[in-house]
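Asker: Quick one, what's the 3D model for this:
(2 chains)
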Amino acid sequence: MHEDSIQQRLGLAPGTPPLVALKGVSKYFPGVIANEDVDLAVYPGEIHALLGENGAGKSTLMNVLTGIYHMDAGEIIMDGESRRFASPIDAIAAGIGMVHQHFKLVKAFTVAENIHLGWDATPARISRKALEERTMNLADTLGLAVKPGAIVADLSTGEQQRVEILRVLARDAKVLILDEPTAVLTPSEARDLFAALRAFVARGNAVIFISHKLDEVMEISNRVSILRAGRKIATEWTSDCSETSLAQLMVGREIVLNDMRGDGGARKIGAPMVTLEGVTLKSEYGTVLKNVSLSVRAGEILGIAGVAGNGQRELTYVLSGLVAPSKGTVTLDGEDIGRAGARVFAQKGVGHIPEDRLYAGMAPTLSITDNAVLREYALPPLSNGPWYAPRRALALAREIARIAGVMVPDFAMPARNLSGGNQQRLVARREMRIADKVLIAAYPSRGLDVGAINTMMRYFVEMRDSGVAVVLISEELEEVLNLADRIAVMFHGEIMGVVPAQGADIEQIGLMMGGQRQQGQAA
Amino acid sequence: MSYRLQRMPVAAPSVLFSARVLSVILALLTAAAVLALSGKDPIALGGKVLSSTFGSRFGLEDLGLLFSPLLYCGLAVAVGLRIGAWNIGAEGQFNLGAFAATGVALFVPGPAWLLVPLMALAGMAGGALWILIPTLAKAYADVSELITTLLMNFVALLLVYWVATGPWLDPSGMALATTARLSVSVPYVWGIVHWGLPVALMLAVGLAVMFAYTRWGYEVRIGGANPGAAAYAGMPVQRHLILVMLMSGAIAGLGGMMEVAGTVGRLQGGISNNYGYLGIMVAVLARAAPLGVIATAFFMAVILNGGIVLQSQGLTTHTVLAITGLILFYAAIADEVARYKLIPTTGKVTPKGAR
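Answerer: Got it, this is the predicted structure:
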């Protein structure tokens, strides 16, 4: 893109410098490239979308820009000067403010108090009335309607977000960063937000809009930068793009098709083992699963694709009995057990490799033995009536460690001392032992190296061949394409479509991940 | 050849034990140095403490009387820690147990063989009742038990002061701030040491067995270490939490009953004598292991008894408290230091990560 054309197309005077520019920004975490060599320039009057899958490095980049992280290489340029922000306070003083996905408001305080909290422009002594008046004035000037006297906890998420935005704008932000702002909004709230953002940039400011929703990016942004695996892939004028081309840029990396099914499709797939019928799940965050109907058959691997946070976690909870659906049924091998609880699911042969093993699958401070027997402690020979036999538990733990290929120097050692890969192997083997009917694996390859991932994938093929229905949830599209028989794509708690994995159209999957329903499928 | 320190993921039990012993010795040495600086003869004082504690039958009996309440309170706190709850309220539950037991002794007529067990039940019920509200608040509203159990202590303490100086005041007019002598008492086993001590020791062993060799013990362990994992395995986390916390209160309450019906014989203000708070230290030093509590409670009893002896030598209670504080302080450091190992470094060896 030629420099001048940007100003022209944005209706700026020729030579107008960007409000903020990143040059060659790199940020490394131990063993991970979070960002590498990223250039990004944001001009007055533009809404710049930052698009990418989870883990593509969007949030890290913005955390560098707002002083939460310190970059390892590169520079931030504002007004022709290289800047370094030691903290978010420095960043906001320079006019860069961010609204995070999780609001940083004091819920017990009023809107006015939240706006004025930790702000040096707040008078040292001020009456509640004057404080609310100031807030009202700010809200009027900035065009964001809020109720100054209301307690934040009583507000809807949309209203809370408006307070958060007002808080940032009141501190004279020129660049407003929004991290997936519409994830928590109703459609009409989202429309209000978009109108406010347009008004904000019309005053010569800029917005960086982080999202992975293609329709939104198309609607709101002037330009869009796509990140993939920590690097910037492209910056395009949104009007030159289509949802299809953006999807391609976002997920269309070189997919290494390496069929790991290993049978050439001659397998016999059996009867449905687990079936969800019209499953809806409501939580405090709203409806997280919407009318999901899905069936996984014996001897098949069903892959679940989608950007993380679109209901996959909740789907595993329902499938493993941790949460009962608000509506709909879960049928396991012909028996409706949706409300029977996690213990019954496990007893009936449902294994579950959880998404966050340190939170759910293990007790990291307890011994490896305690962790290894979590599924079988209540069964003979480990338990006999109310009694529990620690020696037999140790024997079982040794057995599980042996098949998992994990060297354990001391089984009394806390499980947190194992590497992430070894923890995952132990959990996987533990779950496979009980998974006679169904195995649910949520992001099983997270934190593993390539060799360990291959081992894990072979486990799943082995399970499948023994007639188990395997549900594989992954953010690695390759993994799902290479292993699954069918792929279901989730978006906003709904199944956008189910396609056969072999010969699947990657572009179409990308579109479904961005919220487009499968062609020819009724809503 | 040079050496460097390397932090190990776990410390061997033998290393940990020696570190603990060393920390106690260091604490005593520090205390001795302070005493010497203030003009006392630490060696003579130490000898006096040892000879009055262990040198005579009376000393040992006194020690037994201090050992018993520390065991109950230490076990109460340790049991709570097993499910991840900090019972700071053993002091209050101890008072309530004493109060409830006294109520039975004063107002229920009956033979001793019936009354004593009834008082024990009343004591346990009193202790459990006193932790009931913090328990329900934690289980259902996620209210921190640290604060609620602590606050209940003051209420219990004042309640006991009030009944002992008011409605239940000894009618004979001989005592100013206690109830009448209870008509029944816990039988003696050895001199003035009553059954409270052996019962507490059996309780410690019983709890150790329950935690190590029952399914329930396993579930409590998982629930205390990671409620998320317990829910994932389908364990009734909330039920375990409620039951274990009530158990914790009941144990402290039983300690209060034994104190009033075995050691003191009457209910008086301040009967808990800070045992509830010392129990926290006992449990933490024992890492919440019931059998460990036997050792640490005994140790604490020796220190308390030593304190009483020292007081007769002109030292204040504060000195004694300072020494207990020092021991805890050194023990905490020792636990951390025990994880480090000296590793010889030769030129070409690459450091191996602990993980």
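Asker: Check the secondary structure at residue 295 for me.
Answerer: Let's take chain A. strand (DSSP: H, G, I helix; E, B strand; the rest coil).
Asker: per-residue pLDDT, it?
Answerer: For A:Ser295, the pLDDT comes out at 93.
Asker: was I right about it contacting A:Leu276?
Answerer: Yes: between A:Ser295 and A:Leu276 there is a contact under C-beta atoms under 8 Å: 7.4 Å. Heads up, the C-betas are built off the backbone N, CA and C, glycines and all.
Asker: the more surrounded of the two?
Answerer: Neighbours per residue (other C-beta atoms under 10 Å in any protein chain shown) separate A:Ser295 from A:Leu276, with A:Leu276 holding more: 22 against 17.
Asker: dump the residue contacts of that one.
Answerer: Contacts for A:Leu276 (C-beta atoms under 8 Å, 6 or more residues apart in numbering or on different chains) come out as A:292-295, A:318-319, A:325, A:328-331.
Asker: ditto for B:Leu60
Answerer: Counting by C-beta under 8 Å, 6+ apart, B:Leu60 makes contact with B:53-54.
Asker: Doesn't it belong to a strand?
Answerer: No: counting by three-state DSSP, B:Leu60 is located in no strand; its state is helix.
Asker: if we can go back for a sec, can I have the buried ones of the contacts of A:Leu276 as a PyMOL selection?
Answerer: Of the contacts of A:Leu276, the buried ones go into a single PyMOL selection, burial set by 16 or more other C-beta atoms under 10 Å in any protein chain shown:
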select buried, chain A and resi 292+294+295+318+319+325+328+330+331
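Asker: Now, the contacts of A:Leu276 that are in strands?
Answerer: Taking DSSP state E, the ones among these that sit in strands are A:292-295, A:328-331.
Asker: Out of the residues you listed, which is nearest to chain B?
Answerer: Minimum distance to chain B across the ones in strands among the contacts of A:Leu276 is 15.0 Å, recorded for A:Val330 (C-beta to the nearest C-beta).
Asker: where's the nearest residue to that closest one once chain neighbours are set aside relative to A:Ala435, distance?
Answerer: Excluding the flanking residues, the one nearest A:Val330 by C-beta to C-beta, 6 or more residues apart in numbering or on different chains is A:Gly338, at 3.6 Å. To A:Ala435, A:Gly338 is 19 Å away according to C-beta to C-beta, to the nearest Å.
Asker: between the two, which one's more packed in?
Answerer: The neighbour count for A:Gly338 versus A:Ala435, taken as other C-beta under 10 Å, is higher for A:Ala435 (24 against 21).
Asker: So what's the residue count around the residue in the stretch 301-450 of chain A positioned nearest to chain B?
Answerer: Residue nearest to chain B within the stretch 301-450 of chain A: A:Arg343 (2.7 Å; C-beta to the nearest C-beta). Neighbour count of A:Arg343, defined by other C-beta under 10 Å: 16.
Asker: got a pLDDT number for the closest residue to A:Ala415 other than its chain neighbours?
Answerer: If you skip the residues right next to it in sequence, A:Ala415 has A:Asn371 as its closest partner in space, 4.5 Å away by C-beta to C-beta, 6+ apart. A:Asn371 carries a pLDDT score of 95 in this model.
Asker: got the contact list for A:Asn371?
Answerer: Taking C-beta under 8 Å, 6+ apart as the test, what A:Asn371 contacts is A:362-363, A:415, A:426.
Asker: Contact residues of the stretch 401-523 of chain A facing chain B?
Answerer: A:410, A:412-414, A:417-419 (C-beta under 8 Å from any C-beta of the partner chain).
Asker: 7 Å - rerun?
Answerer: For the stretch 401-523 of chain A, the residues in contact with chain B (C-beta under 7 Å from any C-beta of the partner chain) are A:410, A:413-414, A:417, A:419.
Asker: any idea how the chain splits into domains?
Answerer: In the absence of a named chain, chain A is used. A:46-67+A:86-251, A:258-349+A:435-523, A:360-419 (automatic domain parsing).
Asker: To clarify, I was referring to chain B.
Answerer: B:1-40+B:316-355, B:59-314.
Asker: what number of residues lie near the residue of the stretch 151-300 of chain A found nearest chain B?
Answerer: Here the residue of the stretch 151-300 of chain A nearest chain B is A:Glu284; by C-beta to the nearest C-beta that distance is 13.9 Å. Counted by other C-beta under 10 Å, the residues lying close to A:Glu284 total 5.
Asker: lowest confidence element among the helices and strands of chain A?
Answerer: helix A:3-9 (a mean of 74; mean pLDDT, DSSP states H and E).
Asker: CA-only coordinates of the helix or strand that that helix is followed by, as CSV, when you get a sec.
Answerer: Next along the chain after helix A:3-9, taking DSSP states H and E as the criterion, comes strand A:20-29. Output of strand A:20-29 as CSV, limited to C-alpha atoms (Å, rounded to 0.1, in the frame of the first residue of the first chain):
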residue,chain,number,x,y,z
VAL,A,20,0.5,5.5,16.7
ALA,A,21,2.8,3.2,14.8
LEU,A,22,4.4,-0.1,15.8
LYS,A,23,7.6,-1.1,14.0
GLY,A,24,9.1,-4.5,14.2
VAL,A,25,7.5,-5.4,17.5
SER,A,26,8.5,-8.7,18.9
LYS,A,27,7.5,-10.3,22.2
TYR,A,28,8.7,-13.8,23.3
PHE,A,29,7.5,-15.9,26.1
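Asker: Sheet-wise, list the partners of strand A:20-29 with their directions.
Answerer: Taking DSSP bridges as the criterion, strand A:20-29 sits next to strand A:32-42 (antiparallel), strand A:73-78 (antiparallel) in its sheet.
Asker: and the last one, how far from the chain's centre?
Answerer: In this view, strand A:73-78 has its centroid 28 Å away from the chain centroid, taken as C-alpha atoms, centre = their mean, to the nearest Å.
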